[in-house]
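Chemist: any chance you can model this:
(chains A and B)
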Amino acid sequence: MKSWWHLRHPDLVGQIQEDLRGSQPRLHLFIHDGGNAAVRGTFCVCSPVGIILDKYRISIELPPDYPSALPVVREIDGRIPRDIDFHMQSDGVACVLLPDDRGRCFPEDAPFSTYLNGPLHDFFLGQSLVALGGDWPFGEWSHGSTGVWEYYQELLQTEDRVVVQAFLEALGKPVFKGHLPCPCGSGKKNRECCRNRISELRRMIPPAIARTAFERLGIPQTRKRRFRGR
Amino acid sequence: MKPDAYLKKILEQQTFENDDQELEDLRKHRKDIDKLLRAHFSKSTTSIRWAGSMAKGTMIRESYDGDMTCYFPHDETEAGTTLAEIFENTEKGLLKSYNVERKASALRVRDRESWTTDLHIDVVPGRFTTDEDTDVFLHRTTGDKERLKTNLQTHIDHIRQSGLQDAIRLLKLWKTQNGIDTAKTFVLELLVVKLLEDKTSSTISEQIEHVLTEFRDSPNDLSVEDPANSNNDLKPILDQCRSMLSTAATNTLWQIENSGWESVFGELEEESDDVKVAGLTSAAVHVGSRTKPWLPEK
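Modeler: I've put the predicted structure just below:
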């Protein structure tokens, strides 16, 4: 059984409490006897100068393998419909962000305030606008694998799914291999073509994320095995 | 604005007007449930009345419930011979028109069409202990004991006569906003009355700060007694929430000290939708992360 993050990294408890106090003072970290750790209270959507624009009662479960695993957010009041079109699962879990996007907006080594002020604030800001008849301010990904394709197509600026897969294969390798053909399809070697771009992408999409992306993209197992076997 | 004036305004914001839709909905559901249960127990003289915050004058908008009693005379058996049967039969009656969730001693009524649509009503079945119709036994679905002796009127009087409804309402709001769900409202009310029994003439801000200071500094010394039944051991319920009360109170007192009361209960003005949209849109412009939501499976 996995040990809890707060036992492995006791200093993280104080850091999270400090981040909550600074960013969302009505949220509190509670650690229960069984190890279960959750942030609970009221999340405030704020203007850039700190004026409260809206409020949501939430719980944020921090799983045992946090910060590798993403926080699990639930809206408690049932104010947001438990409907996929509101990016809410039937059990109240909020689908805050695409896991593939975390390297950009909430890397594993980032403080908890990055999550609070970034993806979580964006999510509830969007919910407030949608509730008032507006649109998602930064758009929304389609549900399921379609949304994952959209993400990588936007990130890699290509509609070509073969190119997306080739990039993910390159990003999924533990080390960069300059002698391999460039995933962009130019016919050149990596080191002579998209080397810098791939280096930059690897910071946003770590190998583990690139490998699991194949599952989210719905690429069959055989394809994945070929990828992993290389 | 001075703290006490601010807190009074917060209390006003949390008070339902008589013609508010939420209150009208509650009354309508109560009427429907009353009719349903009287028809279901047509041969019984059921005592159905408001209990909880509605009767005690401690209701808040942020988190409101209408508790309804459904008590039966001590010598009647139409609703059931045992308390468990009364509980089950009341549930059966409610299920004719609603979804029902079992709680410790109550039945939470939800919309029949949608399980997630909460009607904010708990029905509390029970049986009077004597023909004086005062003390009742409630069935318990959790814990060691199968029944709980209580007295609705004693609870109502205890809170109403304390004169501390404002402090109770603000601390209920604090509990709700800070996610301290393990603190049962009933126990929080008793705690507030006990901690403020010699501070009834203090200002409301002094009262709240005093209670929070006790939560912060002496969580393990907190204790309460059920005014209706001294044998009702509330310690296990308190034990569940001591550390949460202390953690949240520590943070709140820090907020009051460093950022004032408005950082605890929020701004006063209610803005129009247009102003809200403008504020939210402006906030979106300044966002750097610009993340989009995504649902794993359709």
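Chemist: and the strands in chain A, which stretches?
Modeler: For chain A, the strands defined by DSSP state E occupy A:27-31, A:37-46, A:52-61, A:72-75.
Chemist: for chain A, name the helix or strand with the lowest mean pLDDT.
Modeler: Within chain A, no helix or strand scores below helix A:221-229, which has a mean of 44 by mean pLDDT, DSSP states H and E.
Chemist: residue contacts, the residue lying closest to B:M59 once chain neighbours are set aside?
Modeler: Excluding its sequence neighbours, the residue lying closest to B:M59 (CB to CB, 6 or more residues apart in numbering or on different chains) is B:S53, at 4.1 Å. Using the backbone N, CA and C atoms, a C-beta is placed for each residue, glycine as well. Listed by CB atoms under 8 Å, 6 or more residues apart in numbering or on different chains, the contact set of B:S53 reads B:M59, B:I60, B:Y64, B:D65, B:D67, B:K172, B:T185.
Chemist: need the nearest residue in space to the residue in chain B positioned nearest to chain A, chain neighbours excluded.
Modeler: The minimum distance from chain B to chain A, using CB to the nearest CB, falls at B:G179 (2.8 Å). Using CB to CB, 6+ apart and skipping residues adjacent in sequence, the residue nearest B:G179 is A:R40, 2.8 Å away.
Chemist: ok so, going back, what is the burial count for the residue of chain B closest to chain A?
Modeler: 24 (other CB atoms under 10 Å in any protein chain shown).
Chemist: confidence score at it?
Modeler: At B:G179, the predicted lDDT confidence score is 90.
Chemist: go ahead and confirm it touches A:S59.
Modeler: Yes. Judged on CB atoms under 8 Å, B:G179 makes contact with A:S59 at a distance of 6.5 Å.
Chemist: leaving out the residues flanking it, which one is nearest to B:A183?
Modeler: B:A183 sits nearest to B:C241 (CB to CB, 6+ apart), 4.0 Å away.
Chemist: for that neighbour, which residues are in contact?
Modeler: B:I180, B:T182, B:A183, B:K184, B:V187.
Chemist: how about the residue of chain A found nearest chain B, what does it touch?
Modeler: Going by CB to the nearest CB, chain B is nearest to A:R40 of chain A, at 2.8 Å. Going by CB under 8 Å, 6+ apart, A:R40 touches A:L27, A:H28, A:F30, A:I58, A:S59, A:I60, B:N178, B:G179, B:I180, B:D181.
Chemist: check B:R140 too.
Modeler: B:A104, B:S105, B:E146, B:R147, B:L148.
Chemist: with adjacent residues omitted, what lies nearest to the first one?
Modeler: For B:A104, the nearest residue in space outside its immediate sequence neighbours is B:T142; the separation is 5.0 Å by CB to CB, 6+ apart.
Chemist: would the one you found count as being in a strand?
Modeler: No. Looking at B:T142 with DSSP: H, G, I helix; E, B strand; the rest coil, it is coil, so not inside a strand.
Chemist: any idea how many residues pack against it?
Modeler: 9.
Chemist: does B:I180 touch B:S246 like I think?
Modeler: No. Contact criterion CB under 8 Å: B:I180 and B:S246 do not qualify, at 10.3 Å.
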